[in-house]
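# please find the sequence and the predicted model below.
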Amino acid sequence: MKINKILVSQPKPTSEKSPYYELEEKYGVELVFRPFIKVEGLTAREFRQQKINIPDFTAIIFTARTAIDHFFRLAEELRYQIPDTLKYFCTSESIALYLQKYIVYRKRKIFYCENGKIADLVPLLVKHNKENYLYVVSDVHKDDTTLLDKHKIKYTKAVMYRTVSNDFAPGEPLDYDVLVFFSPAGIQSLKKNFPDFDQTNVAIGTFGTTTAQAVHDAGLRLDFEAPTPQTPSMPAALDNFLKNNIEAKG
């Protein structure tokens, strides 16, 4: 299989030691980092249409750093003075630590679970079941809130940002041998930007089960995916795919 150019639909890595760069050198291929989607924040006017009054809430749930950015952005636009008593519940330590960008971490009540799943945050939410939770989400979110309902957690979802297609310029070619996607929205953007896309000689790789399913739903062929027991990360999955389809340099 001829593989020269690979599109990775994520922002370019900030570290020069990224495993993606190692793959370029190992196999003599070119990796282009170009997100198919981008995140836009709702305006204060758009947020008000949800008729959510932020001061009504005593605690807030964050499942992503992006959610934190847009909560504090909107709070400023709405001129909402965030009280020191507000409690923060995060689905991972890294998300919790990101709060340091906006607040004095050690002076706030911050709680988090270990593995990034909303289900594992439930015991903490139940422990603080007197709180009224604001749950910051995007317009397209996959978090299952069944357990929150089952445990009678008082919460309100607040959409503060949305995912939109990162459009290609008119006439811009899709001249890649491999396409790598990380979300169903990326597949939707592909179909929007290139409605006549012919996959015949183009391989597609995905990260996550919902993204893989989106490929199948779009009538496309899935050539490799992550995470799996053998390939826990996308660089590992891409390495395995290249190893089986082209020879490493040297």
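On my side now, so go ahead.
# measure Val180 to Cys113 for me?
Per C-beta to C-beta, to the nearest Å, Val180 is found 29 Å from Cys113. Quick note: C-beta positions are derived from backbone N, CA and C, even for glycine.
# so these two - more neighbours on which side?
Val180 (27 against 20; other C-beta atoms under 10 Å).
# the one helix or strand that one maps to - which strands sit beside it in the sheet, and in what orientation?
Counting by DSSP states H and E, the element that carries Val180 is strand 178-181. Its sheet considered, strand 178-181 pairs with strand 5-8 (parallel), strand 203-207 (parallel) by DSSP bridges.
# could I get the average pLDDT for the longest one?
What that stands for is strand 203-207. On average, the pLDDT along strand 203-207 is 96.
# next: the first one.
Strand 5-8 shows a mean pLDDT of 97.
# flag every buried residue along the next helix or strand after that strand.
Using DSSP H and E, the helix or strand that follows strand 5-8 in sequence is helix 19-27. The neighbour-count check on helix 19-27 (16 or more other C-beta atoms under 10 Å) flags Tyr20, Leu23, Tyr27 as buried.
# just how off-centre is helix 19-27 within its chain?
How far helix 19-27 lies from its chain's middle: 24 Å, per C-alpha atoms, centre = their mean, to the nearest Å.
# and it, what does it pack onto?
strand 30-33, helix 234-245 (3 or more C-beta pairs under 8 Å, 6 or more residues apart in numbering; DSSP states H and E).
# I'd like these as TSV, with mean neighbour count and distance to Gly186 appended.
Shown next, in TSV, are those (neighbours: other C-beta atoms under 10 Å; distance: least, C-beta to C-beta, whole Å):
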stretch	mean neighbour count	distance to Gly186
strand 30-33	15	13
helix 234-245	18	13
